[in-house]
Each structure stands twice: as C-alpha cells, then as structure tokens.
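[1] mind folding the following:
(chains A and B)
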Amino acid sequence: MPSADVAVIGAGLAGLLTAVRLAEDGARVVVLSEGNGTLHWAGGPIDLGFAPRASDAADAVRGLARRRGHPYALLGVDVAPALDWFLQLTTDLGLPHAGSLDGGFGPLPTGIGGVRPVSVVPAAQAAALEPWAPGERLVIAGQAGFKDFWPRAVASSLARPEVWGGFSRPARVTAVTVEWPGLHERRNLNALRIAEAFDNPDWRTAALDITARAVASTGPGPVRVGLPAVLGLRDHPRALDAAEERLGAPVMEFPLVPPGIPGIRLHDVLRAKLRARGGRLLLGERVARVETTRRKVTAVATTAATRELVTHVGALVLATGGIAGSGLIGEPSGVIRETVLGLPVEGPPIESWLSGDPLDPGSLPIAAAGLRTDDTLRPVDPGRPTDGPLFDNVRVVGALLAGQQWMVERCGDGVSLASAWRAAASLSGAAPKRRATPRRAEAVR
Amino acid sequence: MTFAGTAAASTLDPTVVWDALVIGGGATGAGLLRDLARRGMRTLLVDRSDLGTGTSGRYHGLLHSGGRYVARDQSAARECIVENRIVRRIAPFAVEDTGGYFVTTPDDPDDYADAFPGLCAASDVDCQEVDVAEVLRRNPTLNPRIRRAFAVPDAAVEPWALIEGNVADAAALGSAALPYHKVVGFDRSGERLLAAKVVDVRSGTEYRVMAGQMVSAAGAWGGQIAAMAGAKLTMAPGKGTMLVFNQRMTDAVINRCHKPGDGDIMVPVGTVAILGTTDIHVADPDDWQITRSEVDELLDEGEKLFPHLRRMRLLRAYGGVRPLYDPNEAGTESREVTRAHVVLDHAARDGISNFTSIVGGKLTTFRLMAQDTADVVARKAGVTARATTAQEPVPDPHGGAKARYHWLGGRLAAHEAEGGGDAGLLCECELVTRSMLEEVLERRWPCSLDDVRRLTRLGMGPCQGGFCTFRAAGAVADHAALVTNDPVAIGDMAEQAMADFIRERQRGTQPIAHGRQLQEAVVTAGFQWGTLGLDSLVGTDARSDAQR
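    Numbers count the residues shown, from 1 in each chain, chains lettered A, B, ... in the order given. Here you go, the predicted model:
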C-alpha cells in the first residue's frame, strides 16, 4: 500500500512548488493530478500582482494585502522570500527568470497583438523589462501558415500607441513572415511541433539563418525580435542563446493561445526536480474519495483508467485550483462545491457568477470563489472562521484560496508562490525529517 | 461559401425602379426574392442586418414533419409535410435527414400515443410505430423508461444555406439582396408607396429605393414596417428560448408524444444538439433576454426525455421571436396563436395599393409562404407567371454538383480529400479552414466574423470561439492589408472583429453558466485576459459599448 508524508492534489504551479519545497525538506511527497495542470496553459510571466497606479509588484502586493479577504492579507509577507527561492530554484534548474518585486513593470507584447504588464519573466521574455531606446525597432517574425501567430495582425495591433498603455514602446513595429524548414506540410503545425523542432540544433541553425535574413531585410539600426513562444521545449536555453546570437538582437517570446510552451517548460523542470528529490507525480488520478478520522485525512483514493489507488497520507495539500482548475464546480443549483473534501466554499450567488460584458475581466465574480483558511492555510468554515480548522492536516494553496480576482489583479502566480511557501513551512514543521527516499515500486503501478 | 447573391451598395442606383422591394432577409424574404425573380420580377431585398439574423437564424433547426401539429392544427400539419417533402427535394444540401421520433415518456398520456398514428394519417404525415428497444439502442442517452416510439420524417435544416441558395438563384436572374440596409420610412403619394428610405447602417448613407411593389417579410418586425407605411398591423411576437448542448446526444430529432409544450424537443444540428423551446409573449421583438429560471424550466422538461441532461455541458442559450399574428389582433396567449401564415394585402385593409405583408408561419413552410405572397404581389403587378419554386432545385451554395443531403461527416470528408491535416484548420470544432475563411472575407468584405460564422459555422462548436476568434482576426488583418497600407487601420479592424465576435459568442452564456461550461468561461477568460492581455486591446471601448 503506497503511502506518503504529504499528498498534493493538483499539478499546477502551486501544487508543484509545494511538493518541491517539501521534497527539498526531506518529506516523501506524491502529487496526484487528474490532468496536466494549468502550467500547460501558461505563457511565461510570473504574475505577482498589478494595479494601474502601482509603482512595482511590491506596491501592488501591498495594496492587495490591505484588501480584506484577499489571500495577500494573509500571505503578502511571504511573496518576497518565496520569490527569492523560486528565482534561485529556476536558475538552478536551467530555466532562469528575470525581474523582481521592486524593479517596476515592463510591457510584454502577446501573440494576439496585446500588451500585458510583467514584473518577473523567463529569460526569453527578459527584454520586456528593458525600456525601449530611442529609434529601437520591434521586428515580429513568424512562420507562414502557423495559425496561432499572425505576424501582420500582431504588428498592426502593436503599431497603435494606445495598446502599449503608458509604457515605453518601440519606435516602429514591422512584421516579417518566414518559412522555417520542413514546416509547410499540412499536419501538426502547432506550437508544440515547432518548439520540438527548435530542440534540434541543426534545424534551428537553419531556421535562425532564415529568420536573421528576414530581420536584416527590415533595415539597419537596433532592433528586438518578437517571436512566437516556440524556442525549444527541452533544449530551450540553448535555443534561446542561439537565437540571440544569430539574430544579434534581444529576443522576446510572445505568449500564445494554449498550449503554453513556456509554462510546459516550467512544469517539466519542476517535475524533474521533484523526482530527483524522491517525489512522485502521478497523472490521470482523479480523487474518488478521501478517508478521514475526526479532523484528519488519512488516505486518498484515486481512480485512473483501470484501478483504484489508495495512498495513505500524513497530510494533504489541496492545490486543485478554483473553477478553472476543477477544484470547484458551480452546480446548476447554485451551490459551489469543493471537489475533494466537500469543504464549505465562499463565493458569489449564482446570479452574479458571470455578469456584464465578457470583454471586461471584472465580469467574472466567480473567479474569486474559494476556501477560507487559518494562517497556516488549514481550511475553515467561511461562516464560522473562528471555530478553527476543519482538518488539522490539510493545507489549501493557489487559486483555490478565496478572495482573488486574479485576472484583474494579476496576482495568481504570486499567491501560488506564497501559499506554497507557507504551506510547506507549516507542514515541514509537522512532518518527520528524513532523507529523500527513492520512489517505491508498488506506488507507481 | 457565401451569400453569392448579395450585392454591393452600388446596386442602389437611384434611377432604377425595381419591380418589387422585399423587406426582411429571413427564409421567407429570401424565398420571396427567388419566387418573384422566377416570375420575371426584378426584385431587391434589404435587411437591417445580415441575412438570417432574425427568427430564421434563431430557431431550433427543425424541418417539421408536421407531427407536432397533428392534434391541434391539421392544416398546419398538412402544410408541413407537403413542404417538408418539397424542401428535401429542392434543397437537400440544407437538410440533414436525421429522421425524428415521437416518444411516450412516463410523463406522457397513453391516450395521446393511442391516437397519434391516426392523427398523423389524417394529416398525411408518415408515421410508423417502431420498436422502443431499437430506438434506445440507437439513442442510448434517451430516457430508458419510454414506452412507445413513432418514427416521422422530421429533419434538421440549416437556415443560412437555405437562404443563401434562394438568394443565389434570384441573383442569377438579375435580382439582388442587400444586407445591412435598414428601411426607415417610405415616400407615399396617395394610395401608393413610391420609394422606401433605406439607410446603409454601416456607412450611415441614406438611399431611396423605388419599386412598383413593396413587400414586408419582416416577420416579428412586420408591425414596425407597416407603421412606417401608414398601415396598422399588430403582431403577437412569441419568444422561444433554446439551449445548445456541446454534443449530439441524439442523432435523430426527439419529440415528446404529447400536446406540444415547452422543452419537449431535441434537434441534432451540426456538431451540437438544441433543446427547444419556450413560448412567451413579448412586446418587443428585439427582446429575447433569457433568465436562469427559464433555463431551469427547460432543463426540467428536457430531463423527461434525457434524464442526464443537467450533467451534459450547455454551451449557450438563445432566443428567437416567432412572427405570430393573431387575426383578431386581440392579444391571445402565445401558444394558442395560430402558426398559420397570412398574406395581408394592405390595399384592402389600409388603402395602400402596392403594399403587402406576410405574417405568421414557420421556417418549414417558408417556400409556401413566399409563393402565397408572390401570388398576391404578382397579381397586383399584373404579372401572370406561376410559381416554379416547388419544382426547380435551389442551387447549392457549397457547390456540390450532386444533389444529396447534408451529412455531419461531409466537411471532414471534403477536408481529407484535399489532403487533410490540422494546419489549415482555424476552427477545429467546426472544421473551418483558412481557405474557407479567406473566401468569405473576400466576397463579403467588409463583414463581421459573425457574418462569417453564419456562412461557415466558425465558432459554433464547443469552444464557442475561445481559440478561433484570434485566428480569424489574424485572417481579417491579412485581408485588410489588401485594402489599406495603414497598420493602425488594420490593427483597428482586426481588433473590432475580435471584440465583436467574443461579445457575440459569449452573449448567451450568462444564464447557463454552470458546471463545465462555467469552467470553460473562466479558463477562456483566464488565458485571454491573463496570458494574452486582451484588456490592452478592448479595455475601455468594450466597457463603454456594454453600457450602451
């Protein structure tokens, strides 16, 4: 019978970071996830918080921390140490990030020709944090026929100053369409396919030669090159280096509609780190039931395709996400159900789950639904928060925490980081210290 | 793949006198355009919006066998089955021959089922009792407790293809259709309407269209057109609400075998299935707001046919307004108002010699409605030619040389025949390719993505445009670059296309957002706003538009 000190349900950023942090501390950790996790939808930036008048992410975090009921009211103080750890961790894993809490925001253009504020980004987007020099141009290069990146549309949109908000912007935006080798066939011309092609050193040399010639044809002077976020999957760091070297210019990967290659890269290195520390990540595991005694979870039963797996646990971390991640389901009756333990949920009434204009991100009040916790992230009843935790050995992290309008506040990754940091700290205190152990054979079968 | 017969505004030469002007570009108007054209009358059709955006584009997609009317309205049932056979013959490309069943659920009375075959026979509706086990085997999500089942020739019909084919037939004879041209008034001299004042709603330019005969096929909006002409006409619009599910839980039309009511029919349409309907009298035909309680009531009824309905994913709710007309003009309850159509000759009623309205009716009988109207219009114009619309095939706008029914796998087969693969697919849900989109943009420019949707089904599948909107906007930018070099103008056009389409596709989700579809809404908004920075594109404009 498999067992773990801690089982983490959910393989998004919050779940993986909690698991890695606990594994670093010597705990036996298993991550059980029904799907691949939301990092597969992520475009690269680590969103810590944003507000139109905030001077930097630290300022935005402080502003949100003053808001009653926001996760940062509890966790705001942990954002800085959690970020320090994350930056070191990703550097060690070969996927370094740039930016900081107090370095201000920069404008990152996107694959639909929009611009989003960023404060911490992977190296392939670091140029977004540097102000544009006078005369510096943006050249957008994309593969002909790639349906998720239309160079002309992106460049035309970015030619409009108002799209850049108040940010510094390029002197001119130009589009070039390129034919990377062997991609003109009809099948599977998607971001994943192109990213895998960039993992091949010979192919990418040829592709970058073509790109460099196209960029050079746009004229002299300093440029940055905007590319769809497809610069390699497993060999991304070398692909990025090769691109900047061959193009002789800073490169910016524009986020695309999912799948998000930058997010998949992060997922992959975190999973590798977890495994290196003896942790396990089991995909396709839907929680069927949870065994409890009094105020403790003792085991989690998951179902995959052919059998039920019962994992005995010392503690449980709910990293299942909110509505988007399936951690919560809005029932037709108006009840918002927490899907693992059936915990009481705080959220808006059904008539205001969605309201107003779909083009206004504030029109999704349901996004703020979630669980209330005590200060060690143990779930409490939102109606009777002073009654104490409903389970002593359960922690709640990430988007499942109530009170965040993450689409507007751009705080989702910061909440994931800080809550992973807090949950791991409180569980490390409780779990027995031991050396990492290799994974056990019976657990993976 | 376009409304081949739609004309540019240059058609509006002010010196031209048309033989007839048809107001309203639904199925009836398009059918009327075709019928008059075939009788030798050069006719112009105008619609305030795109063709097929009113009731014809907002119904459940059923080509009636007549079975729903056999108990209450035998003449309507007879008209339905006759026209059903005609539409199948003249426009098979618009019909998916799903067949239909009337099934007796535990909530339906035995005596209705006992009488049903006889009633069908009396109205000449083909009906055959079939083995319940076999129906359940073919439709495993159906209520296993149904007791009886009757097969009828119900079918699904695609309104836009039908409209397009009718317009194309008329255009080949010198007639034309102008979308986005709204009638705002008439010039009248004594008993005659001399010209219609028509505004190009996209440019704001006003034109005068002279025509010998003026015909209102404006359906639920007929009262408004009549008022402009100085005639009195009181419509009794009945709103029907429909729910779209993300999959075809049945491959045949399923009706409950009872006195027709709310939520008792499921129609497989394209890749989805549509549960219909409600029937609520509304004062304003543009009012089709839908509440959660309406959705709940529909689901309660629908569960009697499909017990697991609430566990299936709902994509959207939409409403259409029936062009009902109460001959007494007395305000009768909607379900009780006749579905029959009436041709109103305003010469006799209102002293306007060259003005005619067609009111009431249903899509299945659009051709007959057009023929009955054209008989009156032609007589008034002194034209003696007879209708030929029941005999002559409608041209297939999708270019199929061989007459055959539309089938669900047809588009995939065509795509595979051209080499297949996913590279060219901009809308994976509905298999809309880059070349299909480019072709429509070329022929219909300037046009919205919603116009493109009606001609291609872009964005009508499970993701409701979540992904393909941006691809289509990319194609719009490439197309716009053919007409302007100004990147700002190109950016603005692509953004407008994007914003309008997102708003249009999300319009019907609010009252049905729960479960997986609520999740879809949050996930989609999450990557559109969070990852892609949609707010930098549509932020303030979008919000002020919504407040209008």
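[2] CA atoms for contacts and neighbours, from now on please.
    Will do.
[3] and B:T356, how many neighbours?
    By other Cα atoms under 10 Å in any protein chain shown, 24 other residues sit near B:T356.
[4] surely it meets B:V215?
    Yes: with contact defined as Cα atoms under 8 Å, B:T356 counts as touching B:V215 (4.8 Å).
[5] quick one: common contacting residues for the two?
    Between them, B:T356 and B:V215 share these contacting residues under Cα atoms under 8 Å, 6 or more residues apart in numbering or on different chains: B:V377.
[6] how about the longest strand belonging to chain A: buried residues?
    What stands out as the longest strand in chain A, according to DSSP state E, is strand A:308-318. Neighbour-count burial for strand A:308-318 flags A:L309, A:V310, A:T311, A:H312, A:V313, A:G314, A:A315, A:L316, A:V317, A:L318 (criterion: 16 or more other Cα atoms under 10 Å in any protein chain shown).
[7] now these as JSON lines including distance to A:P220 and pLDDT?
    Listed next are the buried residues of strand A:308-318 as JSON lines, based on distance: Cα to Cα, whole Å; pLDDT from 0 to 100:
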{"residue": "A:L309", "distance to A:P220": "62", "pLDDT": "91"}
{"residue": "A:V310", "distance to A:P220": "64", "pLDDT": "94"}
{"residue": "A:T311", "distance to A:P220": "62", "pLDDT": "94"}
{"residue": "A:H312", "distance to A:P220": "64", "pLDDT": "96"}
{"residue": "A:V313", "distance to A:P220": "62", "pLDDT": "96"}
{"residue": "A:G314", "distance to A:P220": "63", "pLDDT": "96"}
{"residue": "A:A315", "distance to A:P220": "60", "pLDDT": "97"}
{"residue": "A:L316", "distance to A:P220": "58", "pLDDT": "98"}
{"residue": "A:V317", "distance to A:P220": "54", "pLDDT": "98"}
{"residue": "A:L318", "distance to A:P220": "54", "pLDDT": "98"}
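[8] show the pLDDT at the residue of the stretch 51-200 of chain B found nearest chain A.
    Using Cα to the nearest Cα, the closest approach of the stretch 51-200 of chain B to chain A is made by B:T141 at 19.8 Å. With respect to pLDDT, B:T141 scores 94.
[9] for it, give me its contacts.
    Counting by Cα under 8 Å, 6+ apart, B:T141 touches B:M249, B:T250, B:F306, B:P307, B:H308.
[10] now do the second one against chain A, distance only.
    What that stands for is B:T250. 22 Å (Cα to the nearest Cα, to the nearest Å).
[11] surely that residue and B:G270 touch.
    No: contact criterion Cα under 8 Å: B:T250 and B:G270 do not qualify, at 11.6 Å.
[12] what about the helices in the stretch 201-350 of chain B?
    Using DSSP state H, counting those that start in this stretch, the helices of the stretch 201-350 of chain B run over B:222-229, B:292-302, B:346-350.
[13] same for the last one, what does it pack against?
    With contacts defined as 3 or more Cα pairs under 8 Å, 6 or more residues apart in numbering or on different chains; DSSP states H and E, the secondary structure elements packing on helix B:346-350 are strand B:355-360.
[14] now the strand it packs on, how far from the chain's geometric center?
    Centroid separation for strand B:355-360 versus its chain: 19 Å, with Cα atoms, centre = their mean, to the nearest Å.
[15] that one versus helix B:222-229: what angle between them?
    Here the directions of strand B:355-360 and helix B:222-229 differ by 170 degrees (axes from the mean of the first three to the mean of the last three Cα atoms, to 10 degrees).
[16] would you mind writing the CA trace of strand B:355-360 as PDB?
    Listed next in PDB are the C-alpha coordinates belonging to strand B:355-360 (Å, rounded to 0.1, in the frame of the first residue of the first chain):
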ATOM      1  CA  PHE B 355     -48.000  47.200 -50.100                       C
ATOM      2  CA  THR B 356     -48.300  43.600 -48.900                       C
ATOM      3  CA  SER B 357     -47.200  41.900 -45.700                       C
ATOM      4  CA  ILE B 358     -46.600  38.200 -45.000                       C
ATOM      5  CA  VAL B 359     -47.000  37.300 -41.300                       C
ATOM      6  CA  GLY B 360     -47.100  34.200 -39.200                       C
END
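[17] for that strand, packing partners?
    strand B:206-216, helix B:222-229, strand B:341-345, helix B:346-350, helix B:366-381.
[18] partner strands of that strand, parallel or antiparallel?
    Next to strand B:355-360 in the sheet, as set by DSSP bridges, lie strand B:206-216 (parallel), strand B:341-345 (antiparallel).
[19] what sits against the residue most central in space within chain B?
    The centre of chain B sits closest to B:G57, judged by Cα atoms, centre = their mean, with a distance of 1.9 Å. Taking Cα under 8 Å, 6+ apart, we find B:G57 in contact with B:G26, B:P159, B:W160.
[20] run the last query once more with 10 Å
    B:G57 makes contact with B:G26, B:A27, B:L51, B:E158, B:P159, B:W160, B:I163, B:G319, B:G320, B:L363, B:R454, according to Cα atoms under 10 Å, 6 or more residues apart in numbering or on different chains.
[21] before we move on, what about A:P52?
    Counting by Cα under 10 Å, 6+ apart, A:P52 has contacts A:A60, A:P117, A:G165, A:G166, A:E409.
[22] who wins for neighbours among these?
    In terms of neighbour count, A:P117 stands highest of the contacts of A:P52 at 26 neighbours, by other Cα under 10 Å.
[23] going along the chain from the helix or strand hosting it, find the next helix or strand for me.
    In the assignment (DSSP states H and E), A:P117 maps to strand A:115-118. Moving toward the C-terminus from strand A:115-118, the next helix or strand (DSSP H and E) is strand A:120-122.
[24] residues near residue 44, how many?
    Reading this off chain A. 28.
[25] meant chain B, my bad for not saying
    B:L44 is flanked by 29 other residues according to other Cα under 10 Å.
[26] many thanks, I have nothing further to ask.
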